[in-house]
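*Asks:* got a structure for you, letters missing:
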């Protein structure tokens, strides 16, 4: 007899490689033709036994695939996400055609279920060699037909039918020819596989109900149990499903009662019927055993980025650290619960490695506690608030428009806007007078930030945010002066990487969720090293922060960190992002619906989560402040009026000898032009005859006008200026070139020569 390899079923292979099936069809074509004629002739003659004998003599001998190969090729419908240590941190269904879970070894299956299945499907399983000849003889007496052969199928025959493509029915039933082949295949399977292997494979491949295939998913889906925990009652119900997986509830219950009696279990029929109805009339649910990173799983697994490994059929390793991920999830959930009464229902957290950009923890929301559990809070765009201020000041320092020691007047400010007057206020509703840029940033004062934006310009600031990876920004005209206070919408993902850029001395590179993500380009310079150092030093200065925040707050850590909070308008969003020498951590708290929180600030909203995660990261490792880069120098500056002196860092060439504040009672303001003014030149008037008067209040001869960074005259009286087309920055400065007020304005048009 001729032998051929047993064609093993592989659904994906069958769909994507039809030539394989055609090739196998040709191998057996001549056997089908010859044997088919013999069998048909025998059946027509009424000799069913002769048909089988002819088939047994002439049929080819099939070699089944090895048991280990079948188990290895078994694929679950769930893909698994592995952390950086190859530990499973999330399970996600990716195959929606069938429902499978892990392959379960025979010793992991309840003995009660094994007994029930054997009694229901093949009570002579351990006695025959693939075919129950007594049962088959009874079929032959009734008539050798496909219908009668169904009742004589052994577990081995059923398994053979599942393993071989040739034995798959073309319609709802197998043909007589396929039944005869199934008998022969079962005999061969018994020659190569042991009885335990056959039973194990059968229980993992058989369908129990609907799409539930295999004992693992059936046990968890119907009873929410592992297969080893099934009791007698559950076992007979499971076994009763095998003969007709989609039978009615009454049919399954009746068969389960009969099976219970056959096994001598003496189960109460009423209880058995009640239990059967209970589990089969409700939707089944297969809950993942571990679900720590749903949003990362959706990004990496649902998108098809899976690969086979010896450990799992579908898996991908990501950069997350499982223990940290679990801690971040639990910390965020616990804190959101603690402020639930203040109308806080959602949150997100992100932890990245400064050096590599690898994401170590990614918490998109608070799971079942979230108002919208499928929304990814790390990618959602929300209003930034004060969290953007460090990037504004970094630009001012880098352009040498101010230093950390520059004095800015924190006093009432009215700015013209499209819909009226824009009047920024500080979070504490107080004005702090003249403060240094260091204090203004560390204490997150709003009016100095708006004045700094007027100094550097809105358009350059928008470009700076784009350089830092903040996506989907609008034009400068859209934002206006409110951009200084974070009117732009940003994502936690982009913000964390922007702060990571500061931690890396101003070098930007993308974040990574997998190890095989090749960098698109080498890191690029987004902020100068000197400006990045100055910002880090200010954001780590708890003394300067105390103007608004207390010395001891969730922003204060026992090791070096630089951190900033932000709260958007009406307390709709709360941020806390900061970095140590090794990690950058970002937290957002709020409501996905956009509803305002109630009396929740950066200190009470996101900061407690930030500090817990940061403390956990540095529980056994230090964090040291950055080393000053070349071009940054330290100077001790005298404040002449008070006699005080302070130590400060400067970009070389910007250091003053002393700080000379004007009278604290004076509230110097530029009266004209107002910020945002557009001046139109008259083309019919010669240019030298057109003048703009710069005016300040109060007028003071000690003060100077600075236009576009150049001194142009005294502010003791109105100063006439011949306008030139373009955008300009006008500043009112003292003798040490400290900015007291500044405005942006524009001149349009042309004049006759």
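*Replies:* Arrived safely. The shown structure was predicted, so the numbers you read here are calculated from the model rather than taken from an experiment. Residues are numbered from 1 along each chain as shown.
*Asks:* which residues are contacting the top strand by length along the chain?
*Replies:* In the chain, assigned by DSSP state E, the strand with the most residues is strand 739-748. Applying C-beta atoms under 8 Å, 6 or more residues apart in numbering, the contact partners of strand 739-748 are 401-402, 406-409, 434, 451, 454-455, 457-458, 662, 668-670, 673-681, 696, 703, 706, 723-734. Just so you know, the C-beta spots here come from the backbone N, C-alpha and C atoms, and that holds for glycine as well.
*Asks:* tell me which helix or strand of the protein sits lowest on mean pLDDT?
*Replies:* In the chain, no helix or strand scores lower on mean pLDDT, DSSP states H and E than helix 11-16, which sits at a mean of 39.
*Asks:* Now do residue 567 against residue 605, distance only.
*Replies:* According to C-beta to C-beta, to the nearest Å, residue 567 stands 7 Å off from residue 605.
*Asks:* Now do the shared contacts for those two.
*Replies:* Contacts common to residue 567 and residue 605, judged by C-beta under 8 Å, 6+ apart, are residue 574.
*Asks:* Quick one: distance of the longest strand of the chain to the chain centre.
*Replies:* Offset of strand 739-748 from its chain centre (C-alpha atoms, centre = their mean, to the nearest Å): 43 Å.
*Asks:* quick one, what contacts residue 652?
*Replies:* Going by C-beta under 8 Å, 6+ apart, residue 652 touches 631-633.
*Asks:* I'd like the residues you listed as a markdown table, with neighbour count, pLDDT and distance to residue 546 appended.
*Replies:* Formatted as a markdown table, the contacts of residue 652 follow (neighbours: other C-beta atoms under 10 Å; pLDDT from 0 to 100; distance: C-beta to C-beta, whole Å):
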| residue | neighbour count | pLDDT | distance to residue 546 |
| --- | --- | --- | --- |
| 631 | 13 | 92 | 29 |
| 632 | 19 | 93 | 24 |
| 633 | 15 | 93 | 26 |
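*Asks:* JSON lines please, covering those residues and showing distance to residue 575 and secondary structure.
*Replies:* Converted to JSON lines, those look like this (distance: C-beta to C-beta, whole Å; DSSP: H, G, I helix; E, B strand; the rest coil):
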{"residue": "631", "distance to residue 575": "31", "secondary structure": "coil"}
{"residue": "632", "distance to residue 575": "28", "secondary structure": "strand"}
{"residue": "633", "distance to residue 575": "33", "secondary structure": "strand"}
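*Asks:* Quick one: low-confidence residue ranges for the stretch 301-450 of the chain.
*Replies:* Along the stretch 301-450 of the chain, the parts satisfying pLDDT under 70 run over 303-313, 414-422, 427-429.
*Asks:* what do you get if the cut-off is 90, keeping everything else the same?
*Replies:* 301-316, 339-342, 366-374, 385, 401, 405-436, 444, 446-447, 450 (pLDDT under 90).
*Asks:* Break down it into its strands, ranges please.
*Replies:* With DSSP state E, counting those that start in this stretch as the criterion, the stretch 301-450 of the chain has strands at 315-317, 346-353, 359-363, 381-383, 407-410, 415-417, 420-422, 433-436.
*Asks:* possible to save those strands as a markdown table with distance to residue 472?
*Replies:* As requested, the strands of the stretch 301-450 of the chain are exported to a markdown table (distance: least, C-beta to C-beta, whole Å):
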| stretch | distance to residue 472 |
| --- | --- |
| strand 315-317 | 28 |
| strand 346-353 | 18 |
| strand 359-363 | 20 |
| strand 381-383 | 7 |
| strand 407-410 | 30 |
| strand 415-417 | 23 |
| strand 420-422 | 24 |
| strand 433-436 | 33 |
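*Asks:* for those strands, which one sits closest to residue 515?
*Replies:* For those, proximity to residue 515 was assessed by C-beta to C-beta; strand 315-317 is nearest, at 6.7 Å.
*Asks:* okay, now the domains of this protein?
*Replies:* According to automatic domain parsing, the chain comprises the domains 3-63+100-280, 360-617, 669-748.
*Asks:* deepest of these, which one?
*Replies:* Of those, the one with the most neighbours on average (mean count of other C-beta atoms under 10 Å) is domain 360-617, at a mean of 21.
*Asks:* now the end-to-end length of that one.
*Replies:* Using C-alpha to C-alpha, to the nearest Å, the end-to-end distance of domain 360-617 comes out at 11 Å.
*Asks:* same check, this time on stretch 274-288
*Replies:* Start-to-end span of stretch 274-288 (C-alpha to C-alpha) is 27 Å.
*Asks:* that older thread, what strands flank the longest strand of the chain, and is each parallel or antiparallel?
*Replies:* In the sheet, strand 739-748 lines up against strand 677-680 (parallel), strand 726-733 (antiparallel) (DSSP bridges).
*Asks:* quick one: which of those strands has the weakest pLDDT on average?
*Replies:* Among these, strand 677-680 carries the lowest mean pLDDT, a mean of 83.
*Asks:* Tell me the first helix or strand C-terminal of that strand.
*Replies:* Remark: after strand 677-680, the chain's next helix or strand is strand 692-697, criterion DSSP states H and E.
*Asks:* Can you report how many residues lie near residue 356?
*Replies:* The burial count assigned to residue 356 is 13, neighbours taken as other C-beta atoms under 10 Å.
*Asks:* For it, which non-adjacent residue is spatially closest?
*Replies:* Take residue 356 and drop its neighbours on the chain: the residue closest to it by C-beta to C-beta, 6 or more residues apart in numbering is residue 512, 7.1 Å away.
*Asks:* dump the residue contacts of the one you found.
*Replies:* Counted by C-beta under 8 Å, 6+ apart, residue 512 has contacts 319, 356-359.
*Asks:* ok, and the most crowded of these?
*Replies:* residue 359 (25 neighbours).
*Asks:* Quick one: residues contacting it.
*Replies:* By C-beta under 8 Å, 6+ apart, the contact set of residue 359 is 296, 318-320, 350-352, 511-513.
*Asks:* before we move on, back to that, and the residue nearest to residue 356, bridged to which residues?
*Replies:* Beta bridges link residue 512 to residue 358 when assigned by DSSP bridges.
*Asks:* State the pLDDT value of it.
*Replies:* Looking at residue 512, the pLDDT reads 94.
*Asks:* sorry, back to before: so can I have TSV of the contacts of residue 652 showing distance to residue 505?
*Replies:* Below are the contacts of residue 652 laid out as TSV (distance: C-beta to C-beta, whole Å):
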residue	distance to residue 505
631	12
632	11
633	17
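*Asks:* Closest one to residue 494 out of those residues, please.
*Replies:* Nearest member of the contacts of residue 652 to residue 494, counting by C-beta to C-beta, is residue 632, at 27.1 Å.
*Asks:* I figured the closest one hits residue 530, correct?
*Replies:* Yes. Under the criterion of C-beta atoms under 8 Å, residue 632 makes contact with residue 530 at 4.8 Å.
*Asks:* Could I get the strands paired with strand 739-748 in JSON lines, plus columns for distance to residue 370?
*Replies:* Below are the strands paired with strand 739-748 laid out as JSON lines (distance: least, C-beta to C-beta, whole Å):
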{"stretch": "strand 677-680", "distance to residue 370": "47"}
{"stretch": "strand 726-733", "distance to residue 370": "45"}
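*Asks:* Out of those, flag the one nearest residue 425.
*Replies:* strand 726-733 (21.6 Å).
*Asks:* between that closest one and strand 692-697, what angle do the directions make?
*Replies:* On the basis of axes from the mean of the first three to the mean of the last three C-alpha atoms, to 10 degrees, strand 726-733 is oriented at 30 degrees to strand 692-697.
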